[in-house]
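**Student:** compute the structure for the input listed below.
(one chain, ligands or ions: 1)
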Amino acid sequence: MTLKIQIINGPNLNLLGKREPDIYGHLTLDEIKKEVDSHCQPKKITADFYQSNIEGELVGKIQEISESADGLIINAAAFTHTSVAILDALNTLNIPKIEVHISNVFAREEFRHKSMISKSVNGIICGFGLNSYILAVDAIERIIKDENK
Ligand code: DQA
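**Tutor:** Below is the predicted model:
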């Protein structure tokens with residue numbers, strides 16, 4: 001069985017590689033996608049990557065995948081800390097969901113310690129750079145397989 005995972009990335013993550021590399025590392029989003037793809041391939045998982053800087057487009061994407069994806073990994077970036085709209089959209093999705101962050105948000109400014117969307121997800125992985133995405137793929141695979149036992 002091939003699993004389909006949607007990976008959604010929020011604002012400014014298109015600038016990875018150039019953006020505050022001391023915090024977010026030197027990999028571009030495209031390079032992260034390639035690493036995730038090669039991690040997924042032997043597991044028979046397909047990962048669709050999506051990025052937008054626009055809150056409404058992120059909400060639209062979340063709505064769109066309700067029938068098509070087996071799981072969602074979301075790095076809502078700055079909208080993590082502000083967006084009731086993304087929380088509400090996530091609440092409509094009945095598939096496993098994991099919140100990821102590249103940086104350890106709890107070791108940063110206080111406003112990053114609060115997530116609007118955590119209520120709606122199975123779990124959170126943060127602080128592992130690129131590996132936050134890789135670990136999230138493994139976690140979501142386990143959740144889906146456990147559900148289908
Ligand atoms: C981030 C952390 C957020 O606080 C920040 O606004 C981002 C990226 C992360 O991946 O570490 O844009 O989600």
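**Student:** which stretches in this structure count as helices?
**Tutor:** 21-24, 29-40, 55-64, 84-91, 130-147 (DSSP state H).
**Student:** and the angle from the longest one to helix 29-40?
**Tutor:** Just to be clear, that refers to helix 130-147. 40 degrees (axes from the mean of the first three to the mean of the last three Cα atoms, to 10 degrees).
**Student:** any part of helix 130-147 near the ligand?
**Tutor:** No. Legend: contact between helix 130-147 and the ligand by Cβ under 6 Å from any ligand atom is lacking; minimum distance shown is 7.2 Å. Any C-beta I mention is one placed from the backbone N, CA and C, and that applies to glycine too.
**Student:** centre of the chain to that helix, how far?
**Tutor:** Averaging C-alpha positions (Cα atoms, centre = their mean, to the nearest Å) puts helix 130-147 11 Å from its chain's average.
**Student:** then the fourth one?
**Tutor:** Put simply, helix 84-91 sits 14 Å off its chain's centre (Cα atoms, centre = their mean).
**Student:** which parts of it are buried?
**Tutor:** 86, 87, 89, 90 (16 or more other Cβ atoms under 10 Å).
**Student:** identify the bridge partners of residue 8.
**Tutor:** Taking DSSP bridges, one obtains residue 50, residue 74 as the residues bridged to residue 8.
**Student:** hmm, back to that, a markdown table for the buried residues of helix 84-91, including pLDDT and distance to the ligand?
**Tutor:** Conversion of these to a markdown table gives the following (pLDDT from 0 to 100; distance: Cβ to the nearest ligand atom, whole Å):
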| residue | pLDDT | distance to the ligand |
| --- | --- | --- |
| 86 | 98 | 12 |
| 87 | 98 | 15 |
| 89 | 98 | 17 |
| 90 | 98 | 15 |
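**Student:** and those as TSV, adding distance to residue 142?
**Tutor:** What follows is those, written out as TSV (distance: Cβ to Cβ, whole Å):
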residue	distance to residue 142
86	24
87	24
89	24
90	20
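**Student:** most widely separated two among those?
**Tutor:** Longest distance between any two of those is 7.4 Å, between 87 and 89; criterion Cβ to Cβ.
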